[in-house]
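> Here is a sequence with its predicted model. Questions after.
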Amino acid sequence: MLVSCRVPGVWWECKHEFNPGQSMTPHSSRILLVDDELTLLELLGDYLRERGHDVVTAENGAGALDLYNSELPDLVLLDLKLPDVSGLDVLRHITSRDEETAMIVISGVGSLDDVIEALRRGAWDFLVKPFINLELVMHSVEKALEKRRLRQENRLYREHLEEEVQRRTRELRQEILARKRIEEDLRRSEMRYRELSLTDELTGLYNARHFFRQVQAEVERAQRYNSPLSLCVLDIDHFKEYNDAYGHLCGDSVLSELGRVIQKLIRDSDSAYRYGGEEFIIVLPATNREEAARVAERIRCSFHEHAFFPRPGTEVHVTISLGVTSLVPGESVSDFVDRADQNMYAAKKCGRNTTVCR
């Protein structure tokens, strides 16, 4: 079939056999065609579609940008003279977003300055209207698409090389990292062993052995810097009766819950210990007696609010008695601890579920 046509902006003559649905190119690409001449859009769009490409068209710059953002075409054929915005502005927007989008600008005769500026801004090629032969247009399109394909292949190859370098670098580091992991595991094992030797497994608090070392250090620090230091001793009320009534497993759950409540309500600078059996002790650095009493009351109330269910349908609220005191300048550690312990026993004598602070 021989086709010739003359329309504003395009004159072309091309001999080809047209078989509807048959692709004229081995790979279909998405092309955005931008021109304010509707007849050119229609004819050039049909010409590119006949060669297997997916073509979308826009009559102005705003429409072109909308289509570009939604369709992400492989190639853009862009007229530099548009009715609303400059084609150069459209070009700048697209090239700043994706350098791999093929850009061919279209200009009229006598607009070479615009073409030069477009090439400087990232256009890949240019075409001058009116078109003498659409096969020249097709040649430019195919060349641009091939360039895009090569750019993508080069990028993928570079990415592959980078991944390969990173993979081999990781392999070289594996031996060092493995050695570091072994050393770290050993260090953690040592820390874990040390922690187990200092903590009570049931409550997660420190044990009595660690308390005596720590309280001595805190007393010395408080005396050196003349800062307050307080102790809180607490004991679970009627714990033996609870154990006898419901068993030691239920009793262990009471001890564990009290340890959780204490850890939740004390500061990071404070430390808590299972002193023995159902008795606990809290060391509160830089804390005066009144502040320590408030902490003790929060612990007492929070623990009393917790409901235990040692048997189905049996709800029990367990109470604690607490004794609070502060360090007196010059006194010994044993006197300090003994006074807090005596205050706890005073709380028991006051009816339990209370705090004595003196």
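Done, it's in. None of these values were measured; they are calculated from a predicted model. Numbering: from 1, shown residues only.
> make it CA atoms for all contacts and neighbour counts henceforth
Will do.
> can you list the weak-confidence ranges in the stretch 151-300 of the chain?
For the stretch 151-300 of the chain, residues meeting the criterion pLDDT under 70 lie at 192-196.
> now the helices: where do they sit in it?
In the stretch 151-300 of the chain, the helices defined using DSSP state H, counting those that start in this stretch lie at 208-225, 239-246, 248-265, 289-305.
> how about the third one: buried residues?
Residues of helix 248-265 classed as buried by neighbour count (16 or more other C-alpha atoms under 10 Å): 250, 251, 254, 255, 256, 257, 258, 259, 261, 262, 263.
> ok, the residues you listed vs residue 311, which is closest?
residue 250 (9.2 Å; C-alpha to C-alpha).
> Secondary structure element holding the closest residue to the closest one other than its chain neighbours?
Once flanking residues are discounted, residue 250 sits nearest to residue 310: 5.9 Å by C-alpha to C-alpha, 6 or more residues apart in numbering. Element membership of residue 310, judged by DSSP states H and E, is strand 308-311.
> Tell me the helices and strands packed up against that strand.
Under the contact definition 3 or more C-alpha pairs under 8 Å, 6 or more residues apart in numbering; DSSP states H and E, strand 308-311 sits against strand 314-316.
> Tell me, how many residues neighbour the residue nearest to residue 250?
Residues lying near residue 310 (other C-alpha atoms under 10 Å) number 18.
> Please give me every residue in contact with it.
Applying C-alpha atoms under 8 Å, 6 or more residues apart in numbering, we find residue 310 in contact with 246, 250, 316.
> hmm, back to that, for residue 158, find the nearest of the helices of the stretch 151-300 of the chain.
Checking the helices of the stretch 151-300 of the chain against residue 158 by C-alpha to C-alpha gives helix 248-265 as the closest, at 53.3 Å.
> Tell me who's in contact with the nearest residue to residue 60 once chain neighbours are set aside.
With C-alpha to C-alpha, 6+ apart as the criterion, residue 60 has its nearest non-adjacent residue at 5.7 Å, and that residue is residue 82. Counting by C-alpha under 8 Å, 6+ apart, residue 82 makes contact with 35, 36, 59, 60, 61.
> how close does the last one sit to residue 87?
Think residue 61. Separation of residue 61 from residue 87 (C-alpha to C-alpha, to the nearest Å): 7 Å.
> Also residue 284?
Taken as C-alpha to C-alpha, the span from residue 284 to residue 87 is 73 Å.
> next one: residue 271
Distance of residue 271 to residue 87, computed by C-alpha to C-alpha: 71 Å.
> Could you check which of the two is surrounded by more residues?
Neighbours were counted for residue 271 and for residue 87 using other C-alpha under 10 Å; residue 87 has more, 25 against 19.
> residues contacting the more buried one?
Residues in contact with residue 87 (C-alpha under 8 Å, 6+ apart) are 61, 78, 79, 80, 81.
> Show me which pair in the buried residues of helix 248-265 is furthest apart.
Among the buried residues of helix 248-265, the pair separated by the greatest distance (C-alpha to C-alpha) is 250 and 263, at 20.3 Å.
> what's around residue 107, how many residues?
Neighbour count of residue 107, defined by other C-alpha under 10 Å: 20.
> Could you give the bridge partners of it?
Note on residue 107: beta-bridge partners by DSSP bridges are residue 128.
> My guess is it contacts residue 118. True?
No - with contact taken as C-alpha atoms under 8 Å, residue 107 and residue 118 are classed as non-touching, separated by 10.2 Å.
> rewinding a little: switch the helices of the stretch 151-300 of the chain over to TSV; also include distance to residue 182.
Output for these, formatted as TSV (distance: least, C-alpha to C-alpha, whole Å):
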stretch	distance to residue 182
helix 208-225	29
helix 239-246	45
helix 248-265	32
helix 289-305	42
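> Of all the ones you listed, which one is nearest residue 52?
Closest to residue 52 of those, according to C-alpha to C-alpha: helix 248-265, at 69.4 Å.
> who touches that closest one?
202-205, 239, 242-243, 272, 278, 295, 298-299, 302-303, 308, 310.
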